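Participant: Quick one: sequence and predicted model below, then my questions.
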Amino acid sequence: MRLRFSALIPVAFFALTAAGCGPEVVRGAHDPSIDAHALSTGLDKDDIQRALNETLNNLRAAPVMNEWRSTHPPPNVAIFPFQNSTSEHIDSMLDALLGEAETWLVESGTVQVISRERQTQMIREVEGQQNAVFNPQNAAKYGKQLGAKYFITGKVSGNDERSSDMRRVQYFLFLQVIDVETSAIKWQRKTYITKAIK
């Protein structure tokens, strides 16, 4: 009897596991509603895509974009790191935002986009190997050394509020196009994102 019972244990364990007693892993491609739910007050893919869609659609119709369309050869544009002025750990999402904006510019065919790997090297050369951190005050130096006519940069600031039964974080995404030679702001757009736990 003991032998039979012990022989049944692996079979029973397999049956319970197959029946789904543990958490289920689901692909977003199979269940699009997964991306619709916010899991925290941090920025997620949906937030980035909505903000960029609104912001880049505004850039598409801006005078500076029309200028780029009529310039031959196309001007060189560099996309520099965004400044995180929030209390949230969103640097990885800001990198994703930069990548999305870079892809959009490349696909627009209106400018030559300077690779971000080259920018990292240039920041090290300007700031020194000991401090290879992007400094917005030196952006014009980076642009000149990269041969960029314009650079796109921005920052995300936030307002974090709490009550006894709710927490709300309001993000403000600023995106701007700067003329390297004159430091003139050729285009700027602000987008809002609000997340809450209630």
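Facilitator: Good, I have the coordinates. Residues are numbered from 1 along each chain as shown.
Participant: how about the spatially most central residue of the chain, phi and psi?
Facilitator: Per CA atoms, centre = their mean, the C-alpha nearest to the average position across the chain is that of residue 97, at 2.0 Å. Torsion angles at residue 97 (phi, psi; degrees, to the nearest 10) stand at phi -60, psi -40.
Participant: measure it to residue 67 for me?
Facilitator: According to CB to CB, to the nearest Å, residue 97 and residue 67 sit 24 Å apart. For every residue, glycine as well, the C-beta is placed using N, CA and C.
Participant: and what of residue 143?
Facilitator: 17 Å.
Participant: quick one, which of the two is more surrounded?
Facilitator: Using other CB atoms under 10 Å as the criterion, residue 143 and residue 67 rank with residue 143 on top: 25 against 13.
Participant: my guess is that one is in a strand, correct?
Facilitator: No - going by DSSP: H, G, I helix; E, B strand; the rest coil, the assignment for residue 143 is helix, not a strand.
Participant: for it, what are its contacts?
Facilitator: Contacts for residue 143 (CB atoms under 8 Å, 6 or more residues apart in numbering) come out as 78, 149, 150, 151, 178, 180.
Participant: before we move on, back to that, need the contact list for the residue nearest to the centre of the chain.
Facilitator: Taking CB under 8 Å, 6+ apart as the test, what residue 97 contacts is 48, 51, 52, 82.
Participant: Please produce a markdown table containing the residues you listed, extended by pLDDT, distance to residue 25 and secondary structure.
Facilitator: What follows is the contacts of residue 97, written out as a markdown table (pLDDT from 0 to 100; distance: CB to CB, whole Å; DSSP: H, G, I helix; E, B strand; the rest coil):
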| residue | pLDDT | distance to residue 25 | secondary structure |
| --- | --- | --- | --- |
| 48 | 78 | 23 | helix |
| 51 | 84 | 28 | helix |
| 52 | 83 | 28 | helix |
| 82 | 82 | 32 | coil |
